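Asks: Compute the structure for the input listed below.
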Amino acid sequence: MNNNINKIATSALLVALLSACGSDDDNNPESVTDNDKKLREILSQQQLSGDASAGRQLPAIEEPLAQLGMKLFFSKALGGDQDSACVSCHHPMMGGGDNVSLPVGVDAELPDLLGPGRFHSSAAEHFDGGPTVPRNAPTTFNIGLWDQVLFHDGRVESLGKSAGKNGADGSGIRTPDSAFGQADVNAGANLTVAQARFPVTSAEEMKNFSAFAGLNNTEIRQHLQQRLGGYGTPAGGPLASNQWLDEFRQGFGEAGGSAESLITFDNIAAAIGAYENSQVFVDSPWKAFVQGDEQAISAAAKRGALLFHAAVADGGAGCAACHSGDFYTDEQFHVIAMPQIGRGKGDGADGSDDFGRYRETAEADDRYAFRTPTLLNVAVTGPWGHAGGYTRLEDVIRHHADPQQAIDSYDFTQLQPNIQASRMKMNTQKALDQLAALRQAGKSALPDIHLTDQQVTELVAFLQALTDPCVQDRQCMSRWIPDASDENPDGLRLNAYDHYGRYF
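Replies: Numbering: from 1, shown residues only. Got it, this is the predicted structure:
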C-alpha cells in the first residue's frame with residue numbers, strides 16, 4: 001500500500017513539474033533545481049549512465065587496421081566503375097552521412113562533390129532526375145554500439161540478440177547473403193564488418209548498373225579483391241596505380257604477406273569495420289550532465305529531457321519507450337509513418353513504396369516498420385526518417401506527436417526539387433493507416449500526445465545536448481579523414497568538397 005501511495009505521489013509531482021516547467025525562467029535557480037532533482041530520479045530509475053560506450057572494447061582510429069580501413073573507405077577503387085566510395089554517402093564532416101535526404105551513389109555528375117548539389121548524371125543508365133538510392137544514408141557514428149540490427153530494415157542482425165558489444169553469440173549474424181533467420185558463415189566478426197560487405201554489391205550505391213553485370217555478390221567481391229591485390233583477372237582490369245599490398249601488410253601486421261593471402265574481401269571488410277567502429281562520439285553535454293555537471297546543459301534542455309524521459313501517464317511525452325537506454329534506441333522496429341519519398345524499394349503497385357521490415361520478415365504487422373534510430377548526435381545526422389523526409393528536427397518531433405497532421409500539412413519545399421515525391425502522400429497514407437490499425441489493436445508503442453510549441457522547442461534543446469562537439473570540429477575530426485600527406489595507395493581517393501567548392 002505504501003509503495004502505491006509513493007508512486008501516486010511521485011507521478012503527481014512529475015505532472016506538476018511538467019505543467020509548470022514551461023513557464024520557468026531559465027535564470028530561476030529554484031525551478032532549475034526542482035527539475036534537476038526530478039530528472040535525477042528518472043535517470044536513476046532508467047539506469048542511465050550517460051555513456052553508451054562504457055564497457056566496450058572498440059578500436060582506436062590510430063590502430064593500423066583502422067588506418068587501413070580509413071584509406072579503403074575513401075577509395076573509389078571499391079566502386080564498380082571507380083566513381084563512388086563508402087565515403088560518398090558517409091562523410092565524417094556530414095554527420096557520418098551525406099547531409100541530403102536521399103543519396104546519389106554511382107554516376108554522380110561530380111563524383112567528389114558531396115551533399116546538396118550532388119546529382120545523378122543525366123547521361124547515366126536509369127536516370128530519372130532524382131537520387132539513385134531509395135533510403136536515407138544512416139550515420140556511421142557510433143555504429144559499434146549497435147548490438148542487434150543494422151540498416152533501416154535490420155537485414156543485418158545478430159541472431160542471438162543477447163550477444164552485446166556489436167558481435168554475435170553462438171547463433172551468428174544473418175545478412176542478405178543468407179536466408180531470413182539463418183546465419184551467414186561469411187559475415188565476419190561483428191555487425192559492422194558484416195554490413196561493410198554490402199554497399200559494393202548495391203547497383204545504386206557502389207556497384208553500378210552496368211559494372212559487374214551478371215555477377216553475384218561473391219563474384220563481385222572476388223573481382224574487387226583482385227583489383228586491389230593486383231592479381232587474377234579482375235573485371236575492368238587492374239588499377240593503374242597500386243600500393244595496397246604495403247598498406248595491408250601494415251594493417252594486418254604481416255610484413256611478408258602476399259597479395260593473395262592478405263588482400264581478400266574478408267580483410268577489406270574487417271578493415272573498413274575497424275575504421276567505422278572507431279567512430280565513437282559520445283562525449284556530449286548530456287553525458288556531462290548525467291555524470292554530475294549540473295551546468296552542462298541549459299534549463300530548457302533539462303525541461304526537454306524531463307519531458308522526453310517521462311511516461312505519458314506521468315505527463316511526459318513517452319519518447320524513452322522506444323528511444324531507450326544510453327544509446328537511445330530499443331533496436332526494434334516500429335510503424336510511425338515517416339514520409340515515403342524517393343524511388344522506393346520496389347514495393348506497391350508501381351514500385352515507389354517501401355514496406356520496411358516486412359521485406360525481411362513477411363509479417364503483416366511489420367509492414368512500414370523501420371528501426372528505431374539512435375539519438376546520439378541526432379542534431380547533426382539529418383535529414384531524418386528512413387527516406388530522409390524531414391530536414392528540420394522540430395518537424396520530426398511534431399510528426400511523432402501527430403503523424404496524420406504532419407503528413408497532411410507536409411512542407412514539400414524542404415526537399416531538394418529533384419527528389420521523387422509525387423506519390424509521397426498516397427504511399428505514406430498507407431503507412432498511416434497501418435499505424436492506426438496497430439494502435440486500434442493495441443500493438444503500437446507510439447503515444448498519441450499533444451505538444452505545445454514551447455515543449456517542441458525544449459525537446460529540440462535536449463536533443464541538441466546529445467551532440468558530441470567533436471563531430472562539428474574539423475580539427476577534431478581530422479583523425480578520421482585522410483590527410484593530403486597520407487599515402488594514397490591507388491590514386492583514387494575521394495577528395496570531398498561541397499557545392500560551394502570548399503574541401504572537407
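Asks: So which residues of the stretch 101-250 of the chain form helices?
Replies: 191-195, 217-229, 244-252 (DSSP state H, counting those that start in this stretch).
Asks: closest to Ala349 out of these?
Replies: helix 217-229 (28.9 Å; C-beta to C-beta). From N, CA and C alone the C-beta is placed, and that goes for glycine too.
Asks: Enumerate the positions of stretch 382-401 that are buried.
Replies: Of the residues in stretch 382-401, 382-391, 393, 395-401 count as buried by neighbour count, 16 or more other C-beta atoms under 10 Å.
Asks: And the helices of the stretch 101-250 of the chain: which comes nearest Thr33?
Replies: When the helices of the stretch 101-250 of the chain are compared by C-beta to C-beta, helix 191-195 sits nearest Thr33, at 42.0 Å.
Asks: I'd like the distance from that closest one to the chain centre, please.
Replies: 13 Å (C-alpha atoms, centre = their mean, to the nearest Å).
Asks: now swap in stretch 104-122 and tell me
Replies: The answer for stretch 104-122 is 21 Å, by C-alpha atoms, centre = their mean.
Asks: And stretch 203-222, by the same measure?
Replies: For stretch 203-222, the distance to the chain centre is 24 Å (C-alpha atoms, centre = their mean).
Asks: Tell me who's in contact with the residue nearest the centre of the chain.
Replies: Centroid-nearest residue in the chain: Pro138, 2.8 Å away (criterion: C-alpha atoms, centre = their mean). The neighbours of Pro138, taking C-beta atoms under 8 Å, 6 or more residues apart in numbering as the test, are 97, 151-152, 373.
Asks: May I see those organised as a markdown table, with pLDDT and distance to Ser422 added?
Replies: Output for those, formatted as a markdown table (pLDDT from 0 to 100; distance: C-beta to C-beta, whole Å):
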| residue | pLDDT | distance to Ser422 |
| --- | --- | --- |
| Gly97 | 98 | 25 |
| Phe151 | 98 | 26 |
| His152 | 98 | 22 |
| Pro373 | 98 | 26 |
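Asks: most surrounded residue in those?
Replies: For these, neighbours were counted using other C-beta atoms under 10 Å, and Gly97 has the most, 24 neighbours in all.
Asks: thought that residue was touching Ser88?
Replies: No - the criterion here is C-beta atoms under 8 Å, and Gly97 misses it with Ser88 at 10.8 Å.
Asks: Next up, the contacts around the closest residue to Gly172 other than its chain neighbours.
Replies: In space, and not counting its chain neighbours, Gly172 is closest to Ala183: 2.8 Å by C-beta to C-beta, 6 or more residues apart in numbering. Applying C-beta under 8 Å, 6+ apart to Ala183 gives the contacts 159, 168, 171-174.
Asks: where do the strands sit along the stretch 351-500 of the chain?
Replies: 369-371 (DSSP state E, counting those that start in this stretch).
Asks: what residue ranges in it score low on pLDDT?
Replies: Filtered on pLDDT under 70, the stretch 351-500 of the chain yields no residues whatsoever.
Asks: Now do the helices in it.
Replies: Counting by DSSP H, counting those that start in this stretch, the helices of the stretch 351-500 of the chain are 358-361, 393-401, 403-408, 424-440, 453-464, 474-477.
Asks: Would you tell me which of the ones you listed gets closest to Phe308?
Replies: Of those, the one closest to Phe308 (C-beta to C-beta) turns out to be helix 453-464, at 5.5 Å.
Asks: how much does the closest one deviate in direction from helix 393-401?
Replies: Helix 453-464 runs at 110 degrees relative to helix 393-401, counting by axes from the mean of the first three to the mean of the last three C-alpha atoms, to 10 degrees.
Asks: got a list of contacts for helix 453-464?
Replies: 21-22, 286, 297-298, 300-305, 307-308, 317, 319, 375, 378-379, 393-394, 397-398, 451.
Asks: any idea which of the helices of the stretch 101-250 of the chain is most buried?
Replies: Across the helices of the stretch 101-250 of the chain, averaging neighbours per residue (mean count of other C-beta atoms under 10 Å) puts helix 191-195 on top, at a mean of 27.
Asks: Could you export it as CSV, CA atoms only?
Replies: Output in CSV follows, covering the C-alpha atoms of helix 191-195 (Å, rounded to 0.1, in the frame of the first residue of the first chain):
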residue,chain,number,x,y,z
LEU,A,191,27.7,-6.4,-37.2
THR,A,192,29.8,-3.6,-38.6
VAL,A,193,32.1,-5.9,-40.5
ALA,A,194,29.0,-7.8,-41.8
GLN,A,195,27.3,-4.6,-43.2
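Asks: which secondary structure elements does that helix contact?
Replies: Here helix 191-195 touches strand 149-150, strand 156-158, helix 265-277, going by 3 or more C-beta pairs under 8 Å, 6 or more residues apart in numbering; DSSP states H and E.
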